[in-house]
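>>> return atomic coordinates for the entry below.
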Amino acid sequence: MLKVVVIGGGWAGCAAALTARKAGADVVLLEKTDMLLGCGLVGGIMRNNGRYTAAEEIKYLGGHELIEITDMCARHTNVDFPGHKHANLYDITKVEPAIRNMLLSKGVNIKFISRATDVIMESNTKIKGIVLADDSVEYGDVFIETTGSTGPMGNCLRYGNGCSMCILRCPSFGPRISISYRAGIDDILGMRSDEVYGAFSGSCKLNKDSLSDEIREKLDKDGVVVLPVPEEDVNMDKLKLKVCQQYALPEYAENVVLLDTGHAKLMTPFYPLEKLRKIPGLERARFEDPYSGGKANSIRYLSIAPRNNSMKVKGLDNLLCAGEKSGLFTGHTEAMVTGCLAGHNSVRLSLGMPLLELPRNLVSGDLIAYENECIGTKEGLKNRYTFAGGKYFERMKSLGLYTTDTNAIKEKIERDNLIGIYDEKLV
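Numbers count the residues shown, from 1 in each chain. Now for the predicted structure:
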């Protein structure tokens, strides 16, 4: 039976495992830690701005299980916060077990604490197997790299403020390695506006019990709390550090924005604790993730594989990629979009079928193709590509691609003859 090996169990890896399995492959999902979803364990924002359009596309293309679970686990729906409309905030304490159980029910073989350390090549352009930290080898026919772009710890030190003790837990489970690089393909590195490589993750988590009763009650009721920052602590320059450019708005320097995802999601890369505790209601605030959120956060976008618009890595015969490994994408929805396509195409690739490229009249297809065009320039390496804001959301609106009309989205996918494409069994 055709075997697909997915390396990395974040949102992109879970999406790839799902669609590869639906297409008929025997799927092994390798995850170096003891939980799935990676940054999705501390994320939680769905359906904000253009992500609504993309989420509906995922559903109608056949990745509906992912959207159904995040919708089901939502603590709040249709939430507005600065620069963003109609967001769903999923409960980060509920979504991982639900995704894990769904994949297991589909027959995906999930192997935890299985860190990839090297590759075994069959030829200069074809991977034979993935070497794991215990020296065992996971052989396969096609491989999908969804390892993300954060780590090892040395990168957080070199390009950031050191290891921030984030949810990725490199000290406990070991560093991420680049599969594509080990197979002979040079990585692409993203830059900040000042041309320093990488960018800080865009948010932290505060323990809700460490907040005032009033703030906690408002979070539970409304899902969002906006608190003004003392004038002497307003720092516009910190907006340049963020990976999430959709939140690099003046409101996020002039205010503290909190979202309820189970913990209180603090929409800033890091915030000195002594300054945070000057804000009324946050006098006892305590960071939940990263634990060093008073001085640092994880550094991302240091390991991107060159790929085509079907998510196949250039220069290798049987490696695809998705999520942040596949480009300067930001967000869970973006990871699902790329992961679903990579998983489906992994089976097509093995069977010698033409690989699917999503048409550019869909936001999913346009994002993948547009990022691939832009990343070839220095200016393009300084941007981030997301349905939720920044330059790409402006592009969505200018092209008429942004809509919350689910019937219109479905009709467009029907015209493209792509309804349920990821549900089709190919083997």
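>>> shaky segments in the chain?
Scanning the chain for pLDDT under 70 picks out 236-249.
>>> send the alpha carbons of stretch 341-353 over as PDB?
Output of stretch 341-353 as PDB, limited to C-alpha atoms (Å, rounded to 0.1, in the frame of the first residue of the first chain):
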ATOM      1  CA  LEU A 341      -3.400  20.500  -0.600                       C
ATOM      2  CA  ALA A 342       0.000  18.800   0.200                       C
ATOM      3  CA  GLY A 343      -1.700  15.700   1.600                       C
ATOM      4  CA  HIS A 344      -4.000  15.200  -1.400                       C
ATOM      5  CA  ASN A 345      -1.200  15.800  -3.800                       C
ATOM      6  CA  SER A 346       1.100  13.400  -2.100                       C
ATOM      7  CA  VAL A 347      -1.100  10.600  -3.300                       C
ATOM      8  CA  ARG A 348      -1.400  12.100  -6.800                       C
ATOM      9  CA  LEU A 349       2.400  12.300  -6.900                       C
ATOM     10  CA  SER A 350       2.900   8.700  -6.000                       C
ATOM     11  CA  LEU A 351       0.400   7.600  -8.600                       C
ATOM     12  CA  GLY A 352       1.900   9.700 -11.400                       C
ATOM     13  CA  MET A 353      -1.200  11.800 -11.600                       C
END
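>>> residues contacting that stretch, please?
Stretch 341-353 has contacts (CB atoms under 8 Å, 6 or more residues apart in numbering) with 2, 4, 6, 12, 15-25, 141-142, 144, 146, 310-312, 318, 320-322, 326, 354-356, 358, 364, 368, 421-422, 426-427. Just so you know, the C-beta spots here come from the backbone N, C-alpha and C atoms, and that holds for glycine as well.
>>> do that again at 7 Å, thanks
Contacts to stretch 341-353, defined as CB atoms under 7 Å, 6 or more residues apart in numbering, come from residues 2, 4, 15-20, 23-25, 141-142, 144, 310-312, 318, 320-322, 355-356, 358, 421-422, 426-427.
>>> wasn't His76 part of a strand?
Yes: when classified by DSSP: H, G, I helix; E, B strand; the rest coil, His76 is found to be part of a strand.
>>> state the distance from it to Leu61.
According to CB to CB, to the nearest Å, His76 stands 26 Å off from Leu61.
>>> for Arg176, list the residues it contacts.
Counted by CB under 7 Å, 6+ apart, Arg176 has contacts Thr147, Gly148, Thr150, Gly151, Pro152.
>>> of those residues, grab the buried ones for PyMOL.
Buried subset of the contacts of Arg176, written as a PyMOL selection, criterion 16 or more other CB atoms under 10 Å:
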select buried, resi 147+148+150+151
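>>> now, which of the contacts of Arg176 sits nearest Val196?
Closest approach to Val196 among these (CB to CB): Thr150, at 15.6 Å.
>>> what about that closest one, which SS state?
coil.
>>> same thing with Leu418?
coil.
>>> now Asp118
strand.
>>> the one 4 residues further on too?
Three states are possible here, and by three-state DSSP the one that applies to Glu122 is strand.
>>> am I right that it is in contact with Lys128?
Yes: using CB atoms under 7 Å, Glu122 makes contact with Lys128 at a distance of 4.0 Å.
>>> narrow the contacts of stretch 341-353 to those that are buried.
For those, buried by 16+ other CB under 10 Å: 2, 4, 15-20, 23-25, 141-142, 144, 310-312, 318, 320-322, 355-356, 358, 421-422.
>>> filter the residues you listed down to the ones in helices?
Among the buried ones among the contacts of stretch 341-353, the members found in helices (DSSP state H) are Ala15, Ala16, Ala17, Leu18, Thr19, Ala20.
>>> which residue packs closest to Val119, ignoring adjacent ones?
Arg182 (4.7 Å; CB to CB, 6 or more residues apart in numbering).
>>> and the gap between that neighbour and Thr125?
According to CB to CB, Arg182 stands 13 Å off from Thr125.
>>> the more surrounded of those two?
Arg182 (18 against 14; other CB atoms under 10 Å).
>>> now do the phi/psi pair for the more buried one.
phi -60, psi -20 (degrees, to the nearest 10).
>>> kindly report the same for Tyr370.
Here Tyr370 shows phi and psi, under degrees, to the nearest 10, equal to phi -70, psi -40.
>>> check which helices and strands whatever helix or strand Glu414 lives in sits against.
Under the criterion of DSSP states H and E, Glu414 resides in helix 406-415. Secondary-structure packing of helix 406-415 (3 or more CB pairs under 7 Å, 6 or more residues apart in numbering; DSSP states H and E): helix 51-58.
>>> so which residues of the stretch 51-200 of the chain form helices?
51-58, 64-72, 95-106, 153-159, 170-173, 179-182 (DSSP state H, counting those that start in this stretch).
>>> before we move on, what about the stretch 251-400 of the chain?
251-254, 273-276, 332-351, 363-374, 378-381, 390-398.
>>> highest mean neighbour count out of the ones you listed?
Of all those, helix 332-351 has the most neighbours on average by mean count of other CB atoms under 10 Å, namely a mean of 28.
>>> how far away from the center of its chain is it?
Between the centre of helix 332-351 and the centre of its chain there are 14 Å (CA atoms, centre = their mean, to the nearest Å).
>>> if we ignore the residues flanking it in sequence, what's nearest Lys218?
Distances taken as CB to CB, 6+ apart put Val225 closest to Lys218, at 5.1 Å, once the chain neighbours are dropped.
>>> okay, and the beta partners of that neighbour?
Counting by DSSP bridges, Val225 forms beta bridges with Leu258.
>>> break the protein down into its structural domains.
3-195+299-423, 199-289 (automatic domain parsing).
>>> what's the most buried one of the ones you listed?
Per-stretch averages of neighbours, counted by mean count of other CB under 10 Å, single out domain 3-195+299-423 among those, with a mean of 21.
>>> straight-line length of that domain, end to end?
18 Å (CA to CA, to the nearest Å).
>>> stretch 379-389 now?
First-to-last residue span, stretch 379-389, CA to CA: 17 Å.
>>> just stretch 91-111 next, same as before
End-to-end for stretch 91-111, by CA to CA: 24 Å.
>>> ditto for stretch 46-61
18 Å.
>>> one more: stretch 392-406?
21 Å.
>>> I am finished for the moment; much appreciated.
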